[in-house]
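Asks: Let's see this in three dimensions:
(chains A, B, C and D)
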There are 2 protein chains.
Amino acid sequence: MATVKDVARLAGVSTATVSRTLSNPDKVQEATRIKVISAAKKLGYSPNAMARSLRRQESKTILVILPDIANAFFSEIVQGIEDIAHREGYKILLGDAGNSASRAMSYVDLYDSKQVDGIILLTAEVSREVFENKFLQSQMPVIMACEYFPGSPIPVININNQESAQHAVAYLLSLGHTQIATITGPSNSPITVDRNIGYERALAAQNIPINEHFSVGGDYSFQSGKDAGRVLLQLTNPPTAIFCHNDEMAIGVLNIARELNLNVPNDLSVIGFDDIPFSEYCEPALTTVHQPRELIGQNAMKALLDRLHEKHGKKGILSQSLPTQFIVRKSASRPNH
Amino acid sequence: MATVKDVARLAGVSTATVSRTLSNPDKVQEATRIKVISAAKKLGYSPNAMARSLRRQESKTILVILPDIANAFFSEIVQGIEDIAHREGYKILLGDAGNSASRAMSYVDLYDSKQVDGIILLTAEVSREVFENKFLQSQMPVIMACEYFPGSPIPVININNQESAQHAVAYLLSLGHTQIATITGPSNSPITVDRNIGYERALAAQNIPINEHFSVGGDYSFQSGKDAGRVLLQLTNPPTAIFCHNDEMAIGVLNIARELNLNVPNDLSVIGFDDIPFSEYCEPALTTVHQPRELIGQNAMKALLDRLHEKHGKKGILSQSLPTQFIVRKSASRPNH
DNA sequence: CTGAAAGCGCTTACAG
DNA sequence: CTGAAAGCGCTTACAG
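Replies: Model prediction:
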């Protein structure tokens, strides 16, 4: 492959001039520029990005760590990140943690070895200590999106999980339900905690006591929703409505309800969370909480860029809470008595 | 950040010895090794990957170009690729083309600029000419998976689309259907052509004439399946069965059938292709063709590795056709007359 | 087994 | 506006 040297020789200039022509064209006389550009073209020259990164001390790539690439929830977030990243000349390296904390942690090595300039973290299933240390001590540029550590200095772009959950459950209450169960996300996740608070507050606002049998934990997969749904629906006094912490689990509930010959929404109301594309096409179409996923991705990338370029000084507050939308479709209705 | 120099100084050795200790420990005396390792540890040393890549002339990174990150079909393929890649010390850079050929092409720049050592191409929506030139002239390591260019020298890991489609349609015929329509993928895709041949051969084998109104094109999205399904089902003589080129479109058909008060499978049989996770949870569960996605990804990565290490010489035949599995669930049955 | 030195391909402060 | 030269942080052939 051709290098600056080859181009310089062919154009009859120094390597410095070649480099300038390519990155600061207006610092170079037009005649020179033309010579250089045509020489570069003739040789099919493409600058070696490794050499450039080494010299400039920046890689122009961003690492996105996601908990599980198979989870449909993340694709639009990644699209949002990519939109902004490409526009600003950054590349995206996607790190799939495969739901393993240790695998997620293995990616931060990419920052230590200078292969990425910053990190967008889409999972809290990592060592909080390591991330906060690197953020605080080594000024590692990192932004969390959706997931977060409560009370952490690491900025986060997300939604108000508590309010959104509360709104969803209040909707079920307004329909006349009083026996409302919930299928939660992983119990150690702050998001799960928030959504649970929303659930409990909605019930408390109507003086409905918490039924401890009405809360079952899942892991956001179809199957876990189905399993949890079976447990709830086979209770002696089963719920008439189930609020699920994500759409996949809600679809799992739709599935088990069908197996048990329960009609949704007549016999059972189901509400999801996220509004993944599929939620519109399942049967019945899912009533759910819409998260502005693309916007979350875009804003996370923008915030990271701000940090990389050190706007706001080093300590600017970058966290944002974005609005959700409650989407009424067909999976929830008044209870039949 | 600490560099080899810092470690060398602290350990009282040369940078060469530091480097050797880290990459070829057994070429170094034990006492020296211990000194170096503890110095490296004390300094929190992490080698600069850019410098290493520049020197070694390899990035240890593979680019995966996918047509659309939102398409659930690809996640398990990517998982398969990652399995093998990580095991062999390679990183994966994911390039999302967002269904745009030009965006897909923009990623090959990463190869020219030496940021990736090779490419796995999961879309044929690119310039065939550019890829074949680079493959042939510049020996660019590239493997296609699932998608391919007919008659191309670029190796491909995929399934037999024609046979798999033929089998699915033959199943519908064996159930007693004669009015079988199809919703195809993008018309310019070789895969679409193959699956269509399978469809037509199955019909021909039973002497059933091709009905030109019975073939409608889609783009693999839910919505396109729904739209195409509406067209087919509102024909004066509608089909009793529809073979779809992927599961998402089949689910779109399930959706429109419901809107039109048609019961699947009693009034209409539907078959998909791919066996995405969701196909098991939709209503009714989808009869479909299972593709060994993880294996496709693993083998694609293995083949690329072989090429990078130049096993098989430079011209070894690396293409593979992997077996599919026909999965009978609930969306197809005998027609009612 | 170890070190001095060259070099991977760029970019940029400095001098002119 | 342009060039000579240094240097980013590694690795490795060579010599000892």
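Asks: which stretches of chain A form helices?
Replies: A:4-11, A:15-23, A:30-43, A:49-56, A:75-87, A:101-106, A:109-112, A:128-136, A:161-175, A:190-205, A:222-233, A:247-259, A:293-308 (DSSP state H).
Asks: Any chance of those helices in CSV with distance to B:I271 and mean pLDDT as columns?
Replies: To be clear about C-beta, it is placed using only N, CA and C from the backbone, and glycine gets the same treatment. Shown next, in CSV, are the helices of chain A (distance: least, Cβ to Cβ, whole Å; pLDDT from 0 to 100):
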stretch, distance to B:I271, mean pLDDT
helix A:4-11, 57, 93
helix A:15-23, 54, 94
helix A:30-43, 52, 93
helix A:49-56, 46, 91
helix A:75-87, 26, 93
helix A:101-106, 36, 88
helix A:109-112, 43, 90
helix A:128-136, 47, 94
helix A:161-175, 36, 98
helix A:190-205, 38, 97
helix A:222-233, 21, 97
helix A:247-259, 20, 97
helix A:293-308, 31, 95
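Asks: Give me whichever of these is most buried.
Replies: helix A:247-259 (a mean of 25; mean count of other Cβ atoms under 10 Å in any protein chain shown).
Asks: what's the angle between that one and helix A:222-233?
Replies: 50 degrees (axes from the mean of the first three to the mean of the last three Cα atoms, to 10 degrees).
Asks: I'd like to know which elements helix A:247-259 is packed against.
Replies: strand A:180-184, helix A:222-233, strand A:241-244, strand A:269-271 (3 or more Cβ pairs under 8 Å, 6 or more residues apart in numbering or on different chains; DSSP states H and E).
Asks: now the ones you listed as TSV including distance to DNA strand D?
Replies: What follows is those, written out as TSV (distance: least, Cβ to the nearest atom of the strand, whole Å):
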stretch	distance to DNA strand D
strand A:180-184	45
helix A:222-233	44
strand A:241-244	48
strand A:269-271	52
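Asks: TSV for the ones you listed, including distance to A:Q166?
Replies: Compiled in TSV, these are given as follows (distance: least, Cβ to Cβ, whole Å):
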stretch	distance to A:Q166
strand A:180-184	12
helix A:222-233	20
strand A:241-244	10
strand A:269-271	12
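Asks: of these, which approaches chain B most closely?
Replies: Nearest to chain B among the helices and strands packed on helix A:247-259 is helix A:222-233 (5.0 Å), distances taken as Cβ to the nearest Cβ.
Asks: Show me how far the closest one is from its chain's centre.
Replies: Mean-position distance between helix A:222-233 and its chain equals 25 Å (Cα atoms, centre = their mean, to the nearest Å).
Asks: was I right about A:L308 contacting A:V116?
Replies: No: contact criterion Cβ atoms under 8 Å: A:L308 and A:V116 do not qualify, at 10.9 Å.
Asks: Domain boundaries for chain A, per the record?
Replies: Chain A breaks down into these domains under automatic domain parsing: A:4-47, A:59-159+A:293-323, A:161-291.
Asks: Quick one, which of those domains gets closest to B:A168.
Replies: Closest approach to B:A168 among these (Cβ to Cβ): domain A:161-291, 21.3 Å.
Asks: OK, contacts around the residue most central in space within chain A?
Replies: Computing the C-alpha centroid of chain A and ranking residues by Cα atoms, centre = their mean puts A:L122 first, at 4.6 Å. A:L122 makes contact with A:V64, A:I65, A:L66, A:P67, A:F74, A:I77, A:M144, A:A145, A:C146, A:E147, according to Cβ atoms under 8 Å, 6 or more residues apart in numbering or on different chains.
Asks: Quick check: the fourth one touching A:T123?
Replies: This points to A:P67. Yes: with contacts defined as Cβ under 8 Å, A:P67 counts as touching A:T123 at a distance of 3.8 Å.
Asks: can you list residues touching both of those two?
Replies: Contacts common to A:P67 and A:T123, judged by Cβ under 8 Å, 6+ apart, are A:A97, A:A104, A:E147.
Asks: What's the local residue count around the first one?
Replies: Which is A:A97. 22 (other Cβ atoms under 10 Å in any protein chain shown).
Asks: swap in the last one?
Replies: The local packing of A:E147 (other Cβ under 10 Å) involves 17 other residues.
Asks: In contact with it, which residues?
Replies: Going by Cβ under 8 Å, 6+ apart, the list of residues near A:E147 reads A:P67, A:L121, A:L122, A:T123, A:A124, A:E125, A:V156, A:N158, A:S189, A:P190, A:I191.
Asks: contacting residues around the fourth one?
Replies: With Cβ under 8 Å, 6+ apart as the criterion, the residues that contact A:T123 are A:I65, A:L66, A:P67, A:A97, A:A104, A:E147.
Asks: Skip the chain neighbours and tell me the closest residue to the first one.
Replies: To tie it back to what came earlier, the one meant is A:I65. Excluding its sequence neighbours, the residue lying closest to A:I65 (Cβ to Cβ, 6 or more residues apart in numbering or on different chains) is A:G95, at 4.5 Å.
Asks: now that neighbour: how far from B:G89?
Replies: As judged by Cβ to Cβ, to the nearest Å, A:G95 and B:G89 stand 15 Å apart.
Asks: out of those two, which sits in the more crowded spot?
Replies: Set side by side, A:G95 and B:G89 show more neighbours around A:G95, with 26 against 7, by other Cβ under 10 Å.
Asks: How many neighbouring residues does the closest residue to A:F214 other than its chain neighbours have?
Replies: Leaving out its chain neighbours, the residue that sits closest to A:F214 by Cβ to Cβ, 6+ apart is A:A181, at 3.9 Å. By other Cβ under 10 Å, the residues close to A:A181 number 26.
Asks: A:A181 bridge partners, please.
Replies: A:I242 (DSSP bridges).
Asks: List of residues touching stretch A:330-337?
Replies: With Cβ under 8 Å, 6+ apart, stretch A:330-337 has contacts from A:171-172, A:175-177, A:179, A:240-241, A:250, A:254, A:264-267, A:269-272, A:284-287.
Asks: mind redoing it with 10 Å?
Replies: A:168, A:171-172, A:174-180, A:239-243, A:250-251, A:253-254, A:257, A:263-272, A:279, A:282-288 (Cβ atoms under 10 Å, 6 or more residues apart in numbering or on different chains).
Asks: Which residues of chain A lie near DNA strand D?
Replies: By Cβ under 7 Å from any atom of the strand, the residues of chain A that approach DNA strand D are A:13-17, A:20, A:27-29, A:31-32, A:51, A:54-55, A:57.
Asks: and A:T324, which of the helices of chain A is closest to it?
Replies: Using Cβ to Cβ, the nearest of the helices of chain A to A:T324 is helix A:161-175, at 4.5 Å.
Asks: Pick out the residue in the stretch 201-337 of chain A sitting closest to chain B.
Replies: Counting by Cβ to the nearest Cβ, the stretch 201-337 of chain A gets nearest to chain B through A:E283 (4.2 Å).
Asks: Skip the chain neighbours and tell me the closest residue to that residue.
Replies: B:E283 (4.2 Å).
Asks: From A:L322, how far out is that neighbour?
Replies: Taken as Cβ to Cβ, the span from B:E283 to A:L322 is 32 Å.
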